[in-house]
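> task: produce atomic coordinates for the following.
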Amino acid sequence: MKFTKPAWVMHNDSAMRGEQSKRLSIFSVHVHPDGSRIATGGLDAKVRIWSTKPILNEASEKSGRPPKSLCTLAMHTGPVLVVRWAHSGRWLASGSDDEIVMIWDLDPMARGRVWGSDEVNVEGWKPLKRLPGHESDVTDIAWSPGDRYLATVGLDSQVLIWCGFTLERLHKIDQHQGFVKGVCWDPVGEFLATGSDDRSVRIWRTTDWTLEAEVRKPFEHSPGTFFRRLSWSPDGAHITASNATNNEGYVFIAAVISRSTWTSEISLVGHENTVEVAAYNPHVFLRDPSQPVVAANICSVVALGADDRAVSVWQTKSARPLIVAKEVFERQIMDLSWSQDGLTLYAVSSDGTLAVFSFDTDELEGIAPQSAQEQYLKKFGFVTPPLPTGFSHQGQQNSRMTPPPSPGRTQQTQNDFDATVNGMGGEQINKLVAKRKTKKRIQPTLMPSSVPSAAVPSASNAPSSFAGTAASGASARSFGEVPALPPPPSARPPSSHSHAVSPFGAAAGFGDEDVEMFPYDMDMEVRISSLDTSTQASGAKGKRRAAEMNDGLVSAKPRTLGGDRVRESVQVKEIAAGVAGGGLSLYSGEPSLMSRLPVPSLLTYLKATIEGSEDVFEGRNPESEGVVEVLFASGGKQTQWLDYLPSPILAVAATPVFCAVAMQDGSVNVYSHTGRRMMPTLSIGSACSALSASRHFLMLLSCTGLLYVWNVKKQCSAFPPVSVSAILGSSPNCTIISSSVRPNGAPVIQLSNGVAHSYDTSLASWVKLTEVWWAEGSDAWQGRQRATQFASRGVLSALESSINEHTPPVDGAEKVRPTWWNAAMTLGHLEARLHAAKVLDSPQEYKQTLLLYAKKIADEGFRAKAEELVKELFGPVYWRPGRDESWSPATLGMSKRDLLKDVLAVFARSKTLTKLALDWQDMLKRAANGE
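I've put the predicted structure just below:
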């Protein structure tokens with residue numbers, strides 16, 4: 001076995017450059033079916049695609065051919081938690097904590113430099129479709145065999161089923177009672193399995209999406225983990241589920257669940273902490289290669305990744321693991337992925353690194369060809385549902401269902417979310433063909449700047465039907481072969497798209513010599529065996545020209561301010577470094593305070609991306625002579641409007657409602673998305689140190705220490721300017737790490753001393769949101785091993801994680817603590833979190849913290865605290881709407897009495913508060929009935 005850990009595979013903090021660039025967590029990795037590339041998703045909210053040859057071949061790594069980084073995809077607005085290639089290799093799906101699933105498709109015309117970055121996209125991937133529907137973080141994604149369906153799961157406790165061809169939503173499963181953190185398909189196609197924080201694995205029938213079985217026994221004492229990724233064996237016989245335990249939670253295992261009986265009699269024991277992920281090798285293995293492929297002669301290989309920073313590989317015919325790789329990472333393993341040839345295993349960790357294990361065929365004995373697996377699975381006799389109208393299989397050697405070419409010129413109507421039966425309704429595609437005279441058919445042009453969404457019933461990018469064609473020589477070529485030089489584009493005959501996945505083993509080995517990958521740009525292209533990019537590019541151009549000839553359909557573009565100007569890229573350079581307390585100052589701020597609030601460096605180019613779109617708001621400063629300007633670009637390409645400014649730009653910010661720019665002379669301009677000034681120019685009197693925006697609110701922190709927050713919609717101040725000197729104190733070592741504003745207008749200031757503050761207008765005072773002090777003894781602190789109930793990544797969870805990262809660890813020596821230390825610290829921390837969740841308008845975190853608080857009170861048996869909490873939530877006994885305005889029946893949009901029901905359910909399970917819970921549950925029923 002060979003082990004490698006390429007340091008250049010990383011997701012870094014774009015705010016830091018050069019040697020100071022910080023490595024961010026990688027949450028997911030997946031290998032392309034032809035083995036030519038991998039996709040990773042990370043904390044930087046980006047999907048990155050890497051070439052595998054430089055990882056596996058040292059000579060290729062040193063020569064830089066092919067390039068290491070192929071593409072960076074930046075449409076998500078939150079950390080990317082999962083990436084998964086379709087089995088066809090045609091599409092890539094990604095899920096994020098921005099609640100969106102994104103489908104990506106190759107776009108040969110989108111290569112080039114990434115705006116606002118030094119990165120270069122060697123190949124282009126376009127966002128084909130947004131799949132909204134989840135109400136919280138998307139934690140796992142799985143394509144069904146043949147890409148017939150796509151399943152997505154998330155922290156909203158829902159499982160959503162999508163058509164793998166039309167990308168329509170077909171069904172919603174909402175029977176889980178906790179966060180769903182893992183999903184996998186039966187290779188036969190008959191079942192779907194999901195793993196949840198409700199401590200169960202559930203198996204669903206794909207014929208009607210009803211529950212087949214629920215497995216609870218090995219998960220009854222399982223702790224919380226970031227993921228519960230599970231995997232189905234390639235022979236369909238077993239599911240290996242992560243985060244299981246034996247001996248009442250003291251032994252961490254992976255549970256092996258048998259098909260049909262749906263019981264777990266086998267455990268994979270050995271890891272010293274919870275198992276996060278299980279991943280089966282895609283091949284079946286033969287115990288005796290000389291014997292036929294029958295159930296008694298089949299075994300499987302599965303890899304496990306755990307929070308003990310170790311990776312283990314097991315073969316089901318042996319009671320001991322094949323290998324155990326310890327201390328490969330510095331933090332827990334987040335995802336595992338096998339290459340299609342079954343000989344390479346990729347692993348990623350929250351420490352931001354990737355590790356690769358390469359096996360020889362003699363180390364994995366008895367590996368069977370893919371055809372053996374396909375033949376074996378036929379014995380189950382399961383008939384897959386028919387494809388949507390207008391789609392067909394292609395006859396390929398691997399008998400896989402291949403999605404059609406990139407959808408581009410069709411429209412479909414979006415049916416009701418749950419209006420389908422057995423997943424077969426709502427997949428008919430209505431084709432729209434524009435006609436010119438009576439002889440020519442011209443297809444309407446699809447504007448590339450917009451990303452279609454599966455949530456709206458408007459024109460959608462559903463795949464068009466196509467005839468099955470034989471794979472071209474280029475598409476079936478293995479990774480290491482040199483393609484013949486094709487004729488020039490003008491000499492090529494029209495050709496249809498070809499999307500054949502290379503036969504098994506074609507991309508298994510890499511030569512030591514450098515291979516020229518693409519005849520036109522030999523250093524910058526890595527072929528995907530399932531795609532023919534040259535014909536796709538030329539075909540796209542032909543369609544665009546045909547559409548442009550149709551002057552009867554394309555209307556003239558409306559005039560915009562600066563829209564006729566050619567948009568040029570600007571190289572980011574530093575004109576002048578930021579200075580402490582620089583710029584115009586009308587306030588005599590304290591010197592010690594001003595030195596800790598530096599003015600941002602003056603750059604030639606600044607950019608803010610509009611959340612949920614590709615629109616960007618840009619600021620440009622000339623290096624010497626020239627004009628200072630801001631501009632708004634639709635889709636990051638077409639200028640919509642521009643404006644010229646009298647002073648250099650220090651910072652820009654943008655939301656779906658407005659754009660803002662802060663200038664060196666202390667002025668601030670606020671624009672609408674059409675370029676109209678929404679407010680008069682604001683004169684702050686000193687240069688800004690930080691600028692942030694969220695929804696309707698704009699926040700500015702001046703270099704003199706004054707904090708401003710404005711409600712742009714109402715055109716008023718959220719509160720009078722307030723100084724941050726009260727929280728910074730007099731110590732010169734205390735600085736501001738980050739500053740932002742919440743959608744409700746609450747500022748969030750994180751300091752280097754491990755404390756985060758906000759300003760409460762109702763109290764007219766700074767308040768602490770959280771602080772590193774709680775890490776001394778609170779069981780609910782985000783950094784503690786089992787306090788992962790806050791993995792939903794709410795604002796408070798993110799703050800505590802950030803504090804962990806920026807604050808030096810506490811001395812490991814065990815300190816002598818008082819008897820009640822742990823209980824007092826945990827209760828104090830949870831009470832502080834409840835108040836902070838109210839200030840920051842975070843209802844989900846408020847409810848989670850409330851239930852944890854109730855459980856801690858119940859565990860400790862503090863009856864007085866329990867009664868006070870119950871009375872606070874119940875309110876006046878005889879309260880009726882309009883009768884008593886001194887008590888509010890809701891908090892953060894949630895009914896207090898509904899919250900009380902959940903709290904009483906927690907109390908009812910305790911040994912000391914059961915009687916109290918039963919009494920108040922009866923009181924709630926009587927109040928609801930008006931007695």
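> helices or strands next to the helix or strand hosting Arg926 in the packing?
Using DSSP states H and E, Arg926 maps to helix 914-928. Packed against helix 914-928 by the contact rule (3 or more C-beta pairs under 8 Å, 6 or more residues apart in numbering; DSSP states H and E) you find helix 863-874, helix 896-908. Glycine gets a C-beta too; all of them are placed from N, C-alpha and C.
> can you tell me the closest non-neighbouring residue to Tyr671?
In space, Tyr671 comes closest to Cys659 once its chain neighbours are excluded; the distance is 4.7 Å by C-beta to C-beta, 6 or more residues apart in numbering.
> also Leu150?
Nearest to Leu150 is Trp162, by C-beta to C-beta, 6+ apart, at 4.3 Å.
> give me the contact list for the helix holding Arg926.
863, 866-867, 870, 874, 877, 897, 900-901, 904-905, 907-908, 910 (C-beta atoms under 8 Å, 6 or more residues apart in numbering).
> now with 7 Å?
Applying C-beta atoms under 7 Å, 6 or more residues apart in numbering, the contact partners of helix 914-928 are Arg863, Ala866, Glu867, Val870, Phe874, Arg897, Leu900, Lys901, Leu904, Phe907, Ala908.
> which residues touch the fifth one?
Phe874 is in contact with Arg897, Leu900, Trp920, counting by C-beta under 7 Å, 6+ apart.
> and the second one, what pLDDT?
The model reports Leu900 with a pLDDT of 94.
> now Arg111
pLDDT recorded at Arg111 is 72.
> how about Trp774?
Per-residue confidence at Trp774 stands at 92 (pLDDT).
> that one contacts Gln782, correct?
No. Counting by C-beta atoms under 7 Å, Trp774 stays clear of Gln782, with 9.2 Å between them.
> for Pro743, grab the count of nearby residues.
13 (other C-beta atoms under 10 Å).
> so it versus Asp841, what's the distance?
Computed with C-beta to C-beta, to the nearest Å, the distance linking Pro743 and Asp841 is 7 Å.
> skip the chain neighbours and tell me the closest residue to Glu212.
If the residues on either side of it in the chain are set aside, Glu212 comes closest to Ile203, at 4.4 Å by C-beta to C-beta, 6+ apart.
> next one: phi and psi at the closest residue to Ser723 other than its chain neighbours?
Distances taken as C-beta to C-beta, 6+ apart place Gly705 nearest to Ser723, at 5.1 Å, with adjacent residues excluded. Dihedral angles of Gly705 (phi, psi; degrees, to the nearest 10) stand at phi 100, psi 10.
> wait, Gly705 touches Ser686, no?
No. Counting by C-beta under 7 Å, Gly705 stays clear of Ser686, with 9.2 Å between them.
> list the residues that contact the residue lying closest to Val906 once chain neighbours are set aside.
Leaving aside its sequence neighbours, Val906 sits nearest to Ala854 (C-beta to C-beta, 6+ apart; 4.3 Å). Ala854 makes contact with Val903, Val906, Phe907 under the criterion C-beta under 7 Å, 6+ apart.
> checking my notes, Ala854 in a strand, right?
No. Counting by DSSP: H, G, I helix; E, B strand; the rest coil, Ala854 falls outside a strand, being helix.
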